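*Asks:* Mind looking at a prediction? Sequence and model below.
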Amino acid sequence: NAGVTQTPKFRILKIGQSMTLQCTQDMNHNYMYWYRQDPGMGLKLIYYSVGAGITDKGEVPNGYNVSRSTTEDFPLRLELAAPSQTSVYFCASRREGTGELFFGEGSRLTVL
Amino acid sequence: DQQVKQNSPSLSVQEGRISILNCDYTNSMFDYFLWYKKYPAEGPTFLISISSIKDKNEDGRFTVFLNKSAKHLSLHIVPSQPGDSAVYFCAATTGAGSYQLTFGKGTKLSVIP
């Protein structure tokens, strides 16, 4: 019973590099989310998806892109990494009809 | 503009005593509230929720109280246990089916044996 799985768990990037954070869930949830958590702060929504082929911006989308080709997968792409993107990233999916989110373990990204 | 506020960054409580974590919100459209618990190096996990049609919801040692007129909710943990030591996030949304949760900054609870 894997739930939400994120990879990688840790990554160090140089300024200007690109990378993709992978997220997959096995609960057949339509809703999926990407959040970032900066030190001492709450979680801020980057992007979300209500189903395969449908994505939309959250509160802090600049510098990121997403795609949702299948129900299971929701990758987050950073095109030109900047130090301001140093953060812990959480992927989540939502049980239908509730506000209950299931989170992955997080991906800690450092941009130097 | 912080719509969900947890004004206490940290809280220390003796084992066996009551822990009370507080949360205030400013958006009157919020009508569904949740608490999440987070251990270090793990993702948040859902703890308990409450709809605005209720003023109390209980699940074992955890009770959430909602005061709509004051735009305030609180999480009570009785009795507190060392395993409850974690960061607790308050979250709010406009309806259980809404796409977006707004999170507070969290309160770090330390339960001292």
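*Replies:* Sure, I can see it. What you see is a predicted model, and the numbers here were worked out from it, not measured in a lab. Numbers count the residues shown, from 1 in each chain, chains lettered A, B, ... in the order given.
*Asks:* Just list the residues touching A:Gly53, thanks.
*Replies:* Counting by Cβ atoms under 8 Å, 6 or more residues apart in numbering or on different chains, A:Gly53 touches A:68-69. The C-beta positions use only the backbone N, C-alpha and C, and glycine is treated the same way.
*Asks:* And it, how far from A:Leu101?
*Replies:* 21 Å (Cβ to Cβ, to the nearest Å).
*Asks:* just B:Phe103 next, same as before
*Replies:* Going from B:Phe103 to A:Leu101 by Cβ to Cβ gives 10 Å.
*Asks:* Show me the shaky parts of chain A.
*Replies:* For chain A, applying pLDDT under 70 flags the ranges A:1.
*Asks:* How far does the one helix or strand in chain B whose mean pLDDT sits lowest sit from its chain's centre?
*Replies:* Least confident helix or strand of chain B, by mean pLDDT, DSSP states H and E, is strand B:102-103 with a mean of 92. Centroid displacement of strand B:102-103 relative to its chain, using Cα atoms, centre = their mean, to the nearest Å, is 11 Å.
*Asks:* so does the helix or strand following that strand get close to chain A?
*Replies:* Beyond strand B:102-103 on the C-terminal side, the first helix or strand identified by DSSP states H and E is strand B:107-112. No. Strand B:107-112 does not reach chain A (Cβ under 8 Å from any Cβ of the partner chain); its nearest approach is 10.0 Å.
*Asks:* Flag every residue of chain B that's near chain A.
*Replies:* Residues of chain B lying near chain A (Cβ under 8 Å from any Cβ): B:4, B:9, B:32, B:34, B:36, B:41-46, B:49, B:89, B:91, B:93, B:96-101, B:103-106.
*Asks:* and if we set it to 7 Å?
*Replies:* B:32, B:34, B:42-44, B:46, B:49, B:89, B:93, B:96-97, B:99-101, B:103-106 (Cβ under 7 Å from any Cβ of the partner chain).
*Asks:* Which single residue in chain A comes nearest to chain B?
*Replies:* A:Phe103 (3.1 Å; Cβ to the nearest Cβ).
*Asks:* My read is that that residue contacts B:Gly43, right?
*Replies:* Yes. Look at A:Phe103 against B:Gly43 with Cβ atoms under 7 Å: they come within range, at 3.1 Å.
*Asks:* Can you pull the residues that touch both of these two?
*Replies:* Here A:Phe103 and B:Gly43 have A:Phe90 as joint contacts, going by Cβ atoms under 7 Å, 6 or more residues apart in numbering or on different chains.
*Asks:* Now do the contacts for the residue of chain A closest to chain B.
*Replies:* A:4, A:90, A:92, B:43-44.
*Asks:* Report the separation between the residue in chain B that chain A sits nearest to and B:Ser52.
*Replies:* Closest approach between chain B and chain A, counting by Cβ to the nearest Cβ: B:Gly43, at 3.1 Å. Separation of B:Gly43 from B:Ser52 (Cβ to Cβ): 27 Å.
*Asks:* ok, of the residues of chain B next to chain A, which come out buried?
*Replies:* Neighbour-count burial (16 or more other Cβ atoms under 10 Å in any protein chain shown) applied to these gives B:32, B:34, B:43-44, B:46, B:49, B:89, B:93, B:96, B:99-101, B:103-106.
*Asks:* picking that back up, can you tell me which of the residues of chain B next to chain A end up in strands?
*Replies:* The strands, defined by DSSP state E, take in B:32, B:34, B:46, B:49, B:89, B:93, B:103 from the residues of chain B next to chain A.
*Asks:* farthest-separated two in those?
*Replies:* Greatest spatial distance in these: B:Tyr32 and B:Phe89, 14.7 Å, computed using Cβ to Cβ.
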